Structure formats: structure tokens, C-alpha cells
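Participant: sequence and predicted structure are below.
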Amino acid sequence: MTSSEPEFLTAARTFYDAVADDYERCYGGALAGATWDRAVLGAFAELVTAAGGGRVAELGCGPGRITGHLAALGLDVTGLDLSPRMVELARAAHPAIPFEVGSLLEPPYADGELAGIVAWYSIIHIPAGLLPRVFGEFRRVLAPGAPVALAFQAGEGSLRVEDPFGHPVALDFRRRRPDAVEALAAGAGLTVTARLVREPEGDERTPQAYLLARRTG
């Protein structure tokens, strides 16, 4: 962290460092019962493979459960997360996959380096005014035509989560309107090719949205 780091990044790192172990214990196996998540990730993997493959990145990878699934689908994948503790857990669970600490605001990849990006419930912590910058960075690091898979809670406003698992931390989870996210992505040079909104399941409070896009131009 630097003195110039935005406050929302500091808050998110503090939150996820605190809850990382409990989060992994509770949600590490959740993908096995997440039919729609696996379907979208499977479609993303097929798009990457059909385009010739190459390295893909999960940005906001947490403890690596999605990253590991992408590797199991045959992708050459790396993971990036703001939380050092989340990265530690990801490396321990998936020692063959490279993980590093970093931010969606400045993904540490060269121009056109990546064959795909997955941002799975990570844009929910980005203030709306910074989403164009984030999507612009996605476009910068993607090869032409490369796919992007986004997942986020659909809706308006935000949910403030306080004292999760008994830890004295709090964080805002921002809900997004799919049409607004699509417009911001398009403005940054990411053309949406598929969209899905499903109803809440289990203890979810809002519909869940998935967008598949590709880097244009």
C-alpha cells in the first residue's frame, strides 16, 4: 500500500485479509453446486480455446477457487488479488498456478498479453466512476478479440457487510445494473456478446448477472 492508494482499495484489502480463512472454509466448495457459474465459465473456456488459447487471468481471484476451475478446464491461467492473505491461500491450494498481489486499477500485464480475463464478483468493490478505467485496463491487456467474463450482483445501491464471521471489519458490496455495466464496457472497447441474469438462490439477496464480452478493435 502507498500513501496515495484510494481508500476503497485499503478497505477491501483489510476486509478480505481478515475474512480470508473463514471465506475459504465456507465457500471453497461452492462452485460444485453453482450450475450457472460453471456454465458461464465453461463457455468462457471454450471461447479462449477456439481463439487459439494463451494465458488468461482471474482478476480478484480470492483463494483461487475459480482460478483452479479454469485450470481444470484446460486453460493456462494466473490469478491476481488485492489481499495478500487470499493470495497465500490460493498458492497453497493450487501450487501449480501463479498468483500475485495486485489491483484491478493497475493489472500487471503487458499490452495485449492476455487471451482472456475473468472478473468474478470483483467489480462490485469498484466505485462506479472508476469502472471505465478498470474496463480500459482490461482492454489494454487483452489480445484483440479475447473474451471477458464478468459476474456481479444485479440491482441498485449497495449492501454494507459488517462484522463478517465475527471480524471487526466492514465493506460495501455494490450492486450493478447489467445494462449500465454493458454500456461502460462498450465505451472502453469491450463488446458484450452474451448476458444472463438469474434469480437469487439460497441465501442470495439479489439477482445475479453474468456478461461475456470480447475486446474489439
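Facilitator: All right, it came through fine. Residues are numbered from 1 along each chain as shown.
Participant: quick check: residue 120 touching residue 151?
Facilitator: Yes - assessed by C-beta atoms under 8 Å, residue 120 is found in contact with residue 151 at 4.8 Å. In this view, the C-beta of every residue, glycine as well, is placed from N, C-alpha and C.
Participant: the more surrounded of the two?
Facilitator: residue 120 (25 against 21; other C-beta atoms under 10 Å).
Participant: residues in contact with the more buried one?
Facilitator: When contacts are counted by C-beta atoms under 8 Å, 6 or more residues apart in numbering, residue 120 touches 37, 58, 60-61, 66, 149-151.
Participant: which residues do residue 120 and residue 151 both contact?
Facilitator: Counting by C-beta under 8 Å, 6+ apart, the contacts common to residue 120 and residue 151 are residue 37.
Participant: now do the helices in the protein.
Facilitator: Counting by DSSP state H, the chain has these helices, from start to end: 7-27, 35-50, 65-72, 84-93, 131-141, 178-187.
Participant: show me what the first one is packed against.
Facilitator: Helices and strands touching helix 7-27, as assessed by 3 or more C-beta pairs under 8 Å, 6 or more residues apart in numbering; DSSP states H and E, comprise helix 84-93, strand 170-174.
Participant: now render those as a markdown table, adding distance to residue 185, mean neighbour count and mean pLDDT.
Facilitator: Output for these, formatted as a markdown table (distance: least, C-beta to C-beta, whole Å; neighbours: other C-beta atoms under 10 Å; pLDDT from 0 to 100):
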| stretch | distance to residue 185 | mean neighbour count | mean pLDDT |
| --- | --- | --- | --- |
| helix 84-93 | 25 | 19 | 98 |
| strand 170-174 | 16 | 17 | 95 |
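Participant: among those, which comes closest to residue 210?
Facilitator: Using C-beta to C-beta as the measure, strand 170-174 is the one of the helices and strands packed on helix 7-27 that comes nearest residue 210, at 16.5 Å.
Participant: can I get the CA coordinates of the closest one in CSV?
Facilitator: Output of strand 170-174 as CSV, limited to C-alpha atoms (Å, rounded to 0.1, in the frame of the first residue of the first chain):
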residue,chain,number,x,y,z
ALA,A,170,-16.9,-3.7,7.1
LEU,A,171,-17.1,-3.3,3.3
ASP,A,172,-19.6,-2.1,0.7
PHE,A,173,-20.8,-4.5,-1.9
ARG,A,174,-22.0,-2.5,-4.9
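Participant: re the thing from before, kindly reformat the helices and strands packed on helix 7-27 as TSV containing distance to residue 76.
Facilitator: Below are the helices and strands packed on helix 7-27 laid out as TSV (distance: least, C-beta to C-beta, whole Å):
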stretch	distance to residue 76
helix 84-93	16
strand 170-174	31
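Participant: for residue 134, which of these is the nearest?
Facilitator: Going by C-beta to C-beta, the one of the helices and strands packed on helix 7-27 nearest residue 134 is strand 170-174, 12.4 Å.
Participant: show residues contacting that closest one.
Facilitator: Residues external to strand 170-174 that are found in contact with it (C-beta under 8 Å, 6+ apart): 11-12, 15, 124-128, 153, 157-163.
Participant: got it, and stretch 123-131?
Facilitator: In this structure, residues lying in contact with stretch 123-131 by C-beta under 8 Å, 6+ apart are 6, 8, 12, 60, 104-105, 134, 150, 152-153, 171-176, 181, 184.
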